[in-house]
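Undergrad: predicted model follows, preceded by the sequence.
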Amino acid sequence: MSELAIKATAIVKWFGEGEARTQALRDVTLEAYLGEMLYIVGPSGSGKTTLLSVLSGILRPDSGSVSVEGSDIWNLGSDKLADFRLHKIGFVFQDYHLFPRLTTAENVAVPLILKRMNWDEAIIEAKKYLEIVGLKGRADLPPVKLSGGEQQRVAIARAIAGKPDILIMDEPTASLDGDTGHAVVGFVKNNILNGKRCILIVTHDERINEFATRILKMEDGRLTGYEKGGSE
Amino acid sequence: MNGILKLAYKLLVNDKAKFSALLVGITFAVFLMIQMTAMFAGVLSRASATVFNLGASMWIMDPAVQTVANTIGMPDYVLDATRSMQGVHYAVPVYSGGALVKLADGTYQSVTVVGLDDTSLFGRPQLIQGKIEDIYGENGFIVVKDPEFPKLGNPHLGTEFEVNDHRGVIVGIAKVASSGLFGVPTLYTTYERALQYLPNPRFTISYVLVEPKSATDIAQIKQQARSLGYLALTRDEFVSRITAFYMFQTGVGMNILIMTIMSFVVGLSISGQTFYTFVLENLEKFGALKAMGAKSRELILMILFQASFTALTGYGLGIGLCALLITLARLRLPDYAAIITYWNLGLAFAMVVIIAAVSSYFAVRKVLRIEPFDIFRG
């Protein structure tokens, strides 16, 4: 068995007040390992994104614990939690959230700059990651000049530039056509996973299931079983 | 530059439309604020021109005098009494009044006539042509070469004119530190000649100019003048009295204050709203930064830097624009009364700091409230 990356135990999360109060996560327990690509699938509103947010230190659960590489992240103070996200987690947002006023290389350099790396060094480093994702010649262009697939790759380059152990990808193929989405996730599997990262992907897209190590199903805030790689 | 500040800088200036709008707002506000207060400073400086130009340490006057131009004559014994006061090093009379001179071409021109003490010529201007002793010659007058000088037909040494049916001759051309407020040329002559040539009321001394033996004697000179029924002021106190008159009793000060406040409000509205919109449009990006691991204080630092950079750039541009306008105005109107003082700059700077602080405050509140989870939820 590979090394444990994330261990979530009995996670509960509620949203809203009074009659509008709804339970988004119901006693969710899961483990994710380094070297695996773990998909979380399910219908809209099933709690996938909420779970991803709790696991990545963005959304505090009402109860339960999340342990990443042995430490309980929800016992950390806000600065320590920010440091945890900066050093341990790489995010690929559904809408990429690239900075349109920065060049592609500057976008990729953002996590490095947050890590206090010198600006020029960060840009040089960022260009290496752009090369890794196959965008060597696009470093000085603004993201708006790139195609959807290329923007997705920039977001991936930004997510891995900080050398995180865990990569969080929210609907990575939602804005891409079938072939491009397939190519991007295949690229992540073959070039980013490297057997030493844990990649969590929330998706609706069954066309990329072939790349998953395990696929967890969610419904109404519960993990309801495995589609692939686990036992029901 | 710190990487995070450089990131903030690029996010700001690369959004050219917003950055331009911000700069225009602050530049315009600073320009208006400095222009308004510079005009007022110019008016006040001109209003006290005679006080600055004569250079006396203390002035004794009728208590009802509000400005140096509105003199109330004092009897001769005031001069004698002043000279015998404890702590007075010396005291001289000065005449200051208006007159109408008839020029060689037959036209009339209003002038200010300053009559200097015959013995000492205390307060005499710096001559650029002629000799000071010629002021004692028959009908001798010295003319000040300032922006009003051409109104006397650009006189030269020997130019003649009439004043109150007396002949006058220009025997010197001088320069002074500050021109008067009312746009009329200034002539210097001796005190006695001023009394002879110009129609006068019963009491003729406009002011007694006093030099105290030391600064510690000022208080007792004031006390002794008060016991005579007159008012003794230091130069700065007299300037403050003139300033207070124009500020509070003419409406000029209130109008300038209102315009300055309006400029501030306009600047605050434009810049505050534009900066707030800028932050709102980038709110998701700030949320993404938060999700990626940026700490709240780093986001606050970015916003403060953006607001300060914009404010200071607009401040510099506003000052430059104002200086340019004053320079251009003076090319057309040499006696245009506007001066940029440290006080003007300080006031505008304080207001720009307030604009930046208020703009930042609302932006920071918004950014601190954004939850990274909202970025995930889209």
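TA: Nice, I can see it. The shown structure was predicted, so the numbers you read here are calculated from the model rather than taken from an experiment. Numbering: from 1, shown residues only, chains lettered A, B, ... in the order given.
Undergrad: list the contacts of A:L167.
TA: A:89-90, A:92, A:159-160, A:188, A:192, A:197-200 (C-beta atoms under 8 Å, 6 or more residues apart in numbering or on different chains). Where C-beta positions appear, they are placed from N, C-alpha and C, glycine not excepted.
Undergrad: my bad, B:R46
TA: B:178-181, B:337.
Undergrad: once you drop chain neighbours, what's closest to it?
TA: With sequence-adjacent residues excluded and distances taken as C-beta to C-beta, 6 or more residues apart in numbering or on different chains, B:R46 is closest to B:L181, at 3.7 Å.
Undergrad: out of the contacts of A:L167, list just those in helices.
TA: Among the contacts of A:L167, the residues falling in helices (DSSP state H) are A:159-160.
Undergrad: and the helices in the stretch 151-300 of chain B?
TA: Ranges of helices in the stretch 151-300 of chain B, per DSSP state H, counting those that start in this stretch, are B:191-197, B:218-228, B:235-248, B:252-281, B:283-292, B:296-332.
Undergrad: adding mean neighbour count and distance to chain A, write the ones you listed out as TSV.
TA: Formatted as TSV, these follow (neighbours: other C-beta atoms under 10 Å in any protein chain shown; distance: least, C-beta to the nearest C-beta, whole Å):
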stretch	mean neighbour count	distance to chain A
helix B:191-197	20	71
helix B:218-228	17	60
helix B:235-248	17	47
helix B:252-281	18	10
helix B:283-292	23	4
helix B:296-332	18	7
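Undergrad: just so I know, which of the ones you listed lies nearest B:Y77?
TA: helix B:218-228 (8.7 Å; C-beta to C-beta).
Undergrad: how about stretch A:195-209: buried residues?
TA: A:197-203, A:205, A:208 (16 or more other C-beta atoms under 10 Å in any protein chain shown).
Undergrad: in the stretch 201-350 of chain B, what residue lies closest to chain A?
TA: Residue nearest to chain A within the stretch 201-350 of chain B (C-beta to the nearest C-beta): B:G293, separated by 2.5 Å.
Undergrad: thought that residue was touching A:I113?
TA: No - counting by C-beta atoms under 8 Å, B:G293 sits too far from A:I113 to count as a contact (10.9 Å).
Undergrad: for the closest residue to chain B within chain A, which non-adjacent residue is closest in space?
TA: Closest residue of chain A to chain B, C-beta to the nearest C-beta: A:L86 (2.5 Å). Closest residue to A:L86 apart from its sequence neighbours, by C-beta to C-beta, 6+ apart: B:G293 at 2.5 Å.
Undergrad: how many neighbours does that neighbour have?
TA: 26 (other C-beta atoms under 10 Å in any protein chain shown).
Undergrad: residue contacts, it?
TA: Counting by C-beta under 8 Å, 6+ apart, B:G293 has contacts A:82-87, A:89, A:111, A:114, A:162.
Undergrad: dump those to JSON lines, plus pLDDT and secondary structure.
TA: Shown next, in JSON lines, are these (pLDDT from 0 to 100; DSSP: H, G, I helix; E, B strand; the rest coil):
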{"residue": "A:A82", "pLDDT": "92", "secondary structure": "helix"}
{"residue": "A:D83", "pLDDT": "93", "secondary structure": "helix"}
{"residue": "A:F84", "pLDDT": "93", "secondary structure": "helix"}
{"residue": "A:R85", "pLDDT": "93", "secondary structure": "helix"}
{"residue": "A:L86", "pLDDT": "93", "secondary structure": "helix"}
{"residue": "A:H87", "pLDDT": "92", "secondary structure": "helix"}
{"residue": "A:I89", "pLDDT": "92", "secondary structure": "strand"}
{"residue": "A:P111", "pLDDT": "94", "secondary structure": "helix"}
{"residue": "A:L114", "pLDDT": "94", "secondary structure": "helix"}
{"residue": "A:G162", "pLDDT": "86", "secondary structure": "coil"}
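Undergrad: helices or strands up against the host helix or strand of B:V364?
TA: Taking DSSP states H and E as the definition, one finds B:V364 inside helix B:342-369. For helix B:342-369, the packing partners by 3 or more C-beta pairs under 8 Å, 6 or more residues apart in numbering or on different chains; DSSP states H and E come out as helix B:16-47, helix B:252-281, helix B:283-292, helix B:296-332.
Undergrad: and the angle for the first one with helix B:296-332?
TA: Between helix B:16-47 and helix B:296-332, the angle comes out at 50 degrees (axes from the mean of the first three to the mean of the last three C-alpha atoms, to 10 degrees).
Undergrad: B:M302 contacts B:I4, doesn't it?
TA: Yes - counting by C-beta under 8 Å, B:I4 is a contact partner of B:M302 at 6.2 Å.
Undergrad: please name the bridge partners of B:M74.
TA: B:I205 (DSSP bridges).
Undergrad: what about it, distance to B:A323?
TA: Going from B:M74 to B:A323 by C-beta to C-beta, to the nearest Å gives 43 Å.
Undergrad: show me what contacts the spatially most central residue of chain A?
TA: Per C-alpha atoms, centre = their mean, the C-alpha nearest to the average position across chain A is that of A:I168, at 0.9 Å. Neighbour list for A:I168: A:52, A:55-56, A:89-92, A:159, A:200 [criterion: C-beta under 8 Å, 6+ apart].
Undergrad: if you set the cut-off to 7 Å instead, what comes out?
TA: Under the criterion of C-beta atoms under 7 Å, 6 or more residues apart in numbering or on different chains, the neighbours of A:I168 are A:52, A:56, A:89-92, A:200.
Undergrad: now those in CSV, with distance to chain B?
TA: Output for these, formatted as CSV (distance: C-beta to the nearest C-beta, whole Å):
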residue, distance to chain B
A:L52, 7
A:S56, 8
A:I89, 8
A:G90, 8
A:F91, 6
A:V92, 11
A:L200, 12
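Undergrad: show me the shaky parts of the chain.
TA: Because you didn't say which chain, this covers chain A. Along chain A, the model assigns pLDDT under 70 to residues A:1, A:230-232.
Undergrad: wrong chain, I was asking about chain B
TA: Scanning chain B with the threshold set as pLDDT under 70 gives B:1, B:376-378.
Undergrad: what angle separates the lengthiest strand in it from helix B:218-228?
TA: Across chain B, the longest stretch assigned as strand under DSSP state E is strand B:88-102. Interaxial angle, strand B:88-102 versus helix B:218-228 (the same axes, to 10 degrees): 60 degrees.
Undergrad: please, where are all the strands along chain A?
TA: For chain A, applying DSSP E gives strands covering A:4-15, A:22-33, A:37-41, A:63-68, A:71-72, A:89-92, A:166-170, A:198-202, A:214-219, A:222-228.
Undergrad: how far off centre is the third one?
TA: When distances are taken as C-alpha atoms, centre = their mean, to the nearest Å, strand A:37-41 is centred 10 Å away from the chain's centroid.
Undergrad: who does that strand pair up with?
TA: Sheet partners by DSSP bridges: for strand A:37-41, these are strand A:198-202 (parallel), strand A:214-219 (parallel).
Undergrad: nearest to B:L12, of those strands?
TA: The nearest among those, by C-beta to C-beta, is strand A:198-202 at 33.4 Å.
Undergrad: show me the contact partners of that closest one.
TA: By C-beta under 7 Å, 6+ apart, strand A:198-202 touches A:5-6, A:32-34, A:36-40, A:48-49, A:52, A:55, A:165-172, A:188, A:193.
Undergrad: isn't B:Y230 right next to B:Y77, touching?
TA: No - judged on C-beta atoms under 7 Å, B:Y230 makes no contact with B:Y77 at a distance of 10.8 Å.
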